[in-house]
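[1] using only what follows, build the 3D model:
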Amino acid sequence: MDQSNSAQDAVRCTLCQSPENLVFCEVCHTRLVCKNCHEKYPYASENHTAVIHKQYLTNCTDRSLMDEPQFGSLSALYSTTEEEIYNRSPQGAESSPPDRSLMDVSQFGSLSALSFTTEKQDFSMSPQGAESSPPDRSLMNVPQFSSLSALSFTTEEQDYSMPPQGAESSPQDRSLMDVPQISATLDTEYGYLNGVTCVNNNEVWTCGNENTMKLYNLKEELLKSIQTESGNEPRDITVTKDGNLVYTDYKKGTVNIVQNSTVQESISIQEWKPHGVCTTSLGDFLVVMDNIHNGEVKVVRYSGSTEKPSIKPDDKGQPLYLSTGYIKYISENRNQDICVSSYQDHAIVVVNQAGKHRFTYNGPPFTPPSFFKPFGIATDSQSRILTADRDNHCIHILDQDGQFLRYIDNCELQLPWGLCVDTRDNLFVAEWYTRKVKKIQYYT
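    You can find the predicted model right below:
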């Protein structure tokens, strides 16, 4: 039995797996680490009021606020603030990926087994024979997420058959492999790694916990390094159709493009803070951003440095994205759907090109929504959506309508974070702790 992920095991430190002398925060009720790791890695609890577990239980008057210690260490340590995540160092930390078998959607019966929300139906039924022990909370629903009034999209008619960057123009139907395979591994030199984007089938840009972005080929050769203009860490990276690197600077509030090794400030967002960025099939930028002052979250489309003027509000004015200040990533699908991952909301939210909500995915039907922690997101030539479930050490593959197809969890993934897909539908995964990029073949 995997003690670190067993529901029946004692509460353990997420870093060293020790059950002794656990430290809790009596302000936000987050389970942190053991006393030894707290002293060794003060970054893990620098923004918390840390107390020993016994004292925490004495002081806590509302046990419902505790962070579900019965579920082990899958999500407790990482359900923290954005800045804590970005300030941590992975050195010396260990991770034990769950040992679950490969799953196919055929195991879970019909589409009615899916746990996601559409505008017409609520597919919340569990498949026959599936068992789980979810906390006492209901599945997330569309009204809990941000408002499309915060979205800026073009409403002009466009060709929905046009593929996004990286997708082949006329893909044939392809079958998923029974056992995905690692075809290459790149060892980067970051303290931790969180971003990867494909330049072509042989080269990838990477970013991590420093102000330098690095270009590698599949032979692990460092081809180029670019420093950010402000000296801040890049939040996310993408590549234009012309092969130019683009990155977001969350602290400064800018989107920057690198041309001929020179950094140029392309977009200044002032009071908004940009998270994820992607290049669209039309050559535009999509940026997901939030306003820390009023709590608003929105997605904006830019043509160069010009914001598209058309704004398509939600018919009901309901929010799509809820949490402000937490990491979000974005990708355009082949059908020009816009897919946003929000780990704090436990959700993938998908709207069409005009900004109309299509569905929200909160994880497969056999796990509670609180287990799902999506980070990086990508799409492929088959319009399938891939997202990195970091704390559960796996990749979810969905079809374009949000139906869960399977996991990729056999490639010894450890805290997968950033994702990208090349023109041959090879998946590149950036692992946080190991600082490795893994190239994975998942189609036959």
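
[2] any figure for the gap between the closest residue in space to residue 293 that isn't next to it in sequence and residue 442?
    For residue 293, ignoring the flanking residues on the chain, the nearest one in space by CB to CB, 6 or more residues apart in numbering is residue 271 at 6.4 Å. Glycine gets a C-beta too; all of them are placed from N, C-alpha and C. Residue 271 sits at a distance of 41 Å from residue 442 (criterion: CB to CB, to the nearest Å).

[3] can you list the domain ranges for this structure.
    Using automatic domain parsing, the domain parsing of the chain gives 1-80, 106-443.

[4] state the mean pLDDT of the shortest one.
    Just to be clear, that refers to domain 1-80. Mean per-residue pLDDT for domain 1-80: 51.

[5] just to revisit the earlier point, between residue 271 and residue 442, who's got more neighbours?
    Legend: neighbour count by other CB atoms under 10 Å for residue 271 and residue 442, higher for residue 442 (22 against 10).

[6] the more buried one should be in a helix, yeah?
    No. Residue 442: not assigned to a helix; according to DSSP: H, G, I helix; E, B strand; the rest coil it is strand.

[7] ok, now which ones touch it?
    Contacts were defined as CB atoms under 8 Å, 6 or more residues apart in numbering; by that measure residue 442 touches 176-177, 180, 397, 408, 425, 427.

[8] in contact with the closest residue to it other than its chain neighbours: list those residues for me.
    Distance criterion CB to CB, 6+ apart; nearest residue to residue 442, sequence neighbours excluded, is residue 180 at 4.1 Å. Contact partners of residue 180, counting by CB under 8 Å, 6+ apart, are 408, 410-411, 440-442.

[9] got it, and residue 213?
    205-207, 225-228, 234, 237, 245, 247 are the contacts of residue 213 under CB under 8 Å, 6+ apart.

[10] change it to 6 Å
    205, 207, 226 (CB atoms under 6 Å, 6 or more residues apart in numbering).

[11] equivalent analysis for residue 208, please.
    Counted by CB under 6 Å, 6+ apart, residue 208 has contacts 190, 192-194.

[12] dump those residues into JSON lines; add pLDDT, distance to residue 301 and secondary structure as well.
    Output for these, formatted as JSON lines (pLDDT from 0 to 100; distance: CB to CB, whole Å; DSSP: H, G, I helix; E, B strand; the rest coil):
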{"residue": "190", "pLDDT": "94", "distance to residue 301": "31", "secondary structure": "coil"}
{"residue": "192", "pLDDT": "94", "distance to residue 301": "31", "secondary structure": "coil"}
{"residue": "193", "pLDDT": "97", "distance to residue 301": "28", "secondary structure": "strand"}
{"residue": "194", "pLDDT": "95", "distance to residue 301": "24", "secondary structure": "strand"}
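
[13] what about the stretch 51-200 of the chain, any weak spots by pLDDT?
    Applying pLDDT under 70 to the stretch 51-200 of the chain picks out residues 51-171.

[14] remind me which helix or strand residue 200 belongs to.
    Assigned by DSSP states H and E, residue 200 falls within no helix or strand.

[15] counting neighbours, what do you get for residue 221?
    10.

[16] list the buried ones in the helix or strand that contains residue 178?
    According to DSSP H and E, residue 178 maps onto strand 176-187. Going by neighbour count (16 or more other CB atoms under 10 Å), the buried part of strand 176-187 is 176, 180, 184-186.

[17] for the record, mean pLDDT for stretch 422-437?
    Per-region confidence: stretch 422-437 scores 97 on mean pLDDT.

[18] you'd agree residue 172 is in a strand?
    No. Counting by three-state DSSP, residue 172 is not found in a strand; it is coil.

[19] look up how far residue 300 lies from it.
    For residue 172 relative to residue 300 (CB to CB), the value is 35 Å.

[20] what sits up against the helix or strand harbouring residue 428?
    Using DSSP H and E, residue 428 falls within strand 426-431. Residues outside strand 426-431 that contact it (CB under 6 Å, 6+ apart) are 193, 196, 204, 414-418, 420-421, 437-442.

[21] buried subset of the residues you listed, written for ChimeraX?
    One line in ChimeraX is enough to select the buried ones among these; burial here means 16+ other CB under 10 Å:
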select :193,196,204,414,415,416,417,418,420,421,437,438,439,440,441,442
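
[22] residue 36 is in what secondary structure piece?
    helix 35-40.

[23] how about residue 251, nearest residue that isn't a chain neighbour?
    Using CB to CB, 6+ apart, the nearest residue to residue 251 is residue 232, at 4.6 Å.

[24] so that neighbour, which state does it fall into?
    Residue 232 - assigned by three-state DSSP - is coil.

[25] for the one 3 residues further on, same thing?
    Here residue 235 is recorded as coil under three-state DSSP.

[26] per-residue pLDDT, it?
    So residue 235 comes in at 97 (pLDDT).

[27] that one touches residue 248, doesn't it?
    Yes. Residue 235 sits in contact with residue 248 when judged by CB atoms under 6 Å, with a separation of 4.4 Å.

[28] higher neighbour count, those two?
    The residue with more neighbours, out of residue 235 and residue 248, is residue 248; 27 against 24, by other CB under 10 Å.

[29] contacts only, for that one.
    Applying CB under 6 Å, 6+ apart to residue 248 gives the contacts 235-236, 255, 274, 277.

[30] ok, and the most crowded of those residues?
    Going by other CB under 10 Å, residue 236 tops the contacts of residue 248 with 27 neighbours.

[31] could you count how many residues lie near the residue lying closest to that one once chain neighbours are set aside?
    Closest residue in space to residue 236, ignoring its immediate chain neighbours: residue 276 at 4.6 Å, by CB to CB, 6+ apart. Other residues within reach of residue 276, judged by other CB under 10 Å, total 26.

[32] mind checking which helix or strand residue 276 is in?
    Judged by DSSP H and E, residue 276 forms part of strand 273-279.

[33] ok, then the element right after that strand?
    strand 285-290.

[34] name the residues that touch stretch 384-400?
    Outside stretch 384-400, the residues that reach it (CB under 6 Å, 6+ apart) are 74-75, 78, 97, 335, 339, 341, 348, 373-379, 383, 404-409, 413, 415-417, 419.

[35] an error on my part: the question was meant for stretch 325-339.
    Contacts for stretch 325-339 (CB under 6 Å, 6+ apart): 82, 160, 163-164, 167, 275-276, 278, 280, 286, 288, 292, 340-342, 344, 350-353, 376-379, 383, 385, 400.

[36] filter these down to the buried ones.
    Of the contacts of stretch 325-339, these count as buried by 16+ other CB under 10 Å: 82, 163-164, 167, 275-276, 278, 280, 286, 288, 340-342, 344, 350-353, 376-379, 383, 385, 400.

[37] ok so residue 207 is a strand residue?
    Yes. Using three-state DSSP, the assignment for residue 207 is a strand.

[38] check which helix or strand covers the closest residue to it other than its chain neighbours.
    Leaving aside its chain neighbours, residue 207 sits nearest to residue 195 (3.9 Å; criterion: CB to CB, 6+ apart). Assessed by DSSP H and E, residue 195 sits inside strand 193-198.
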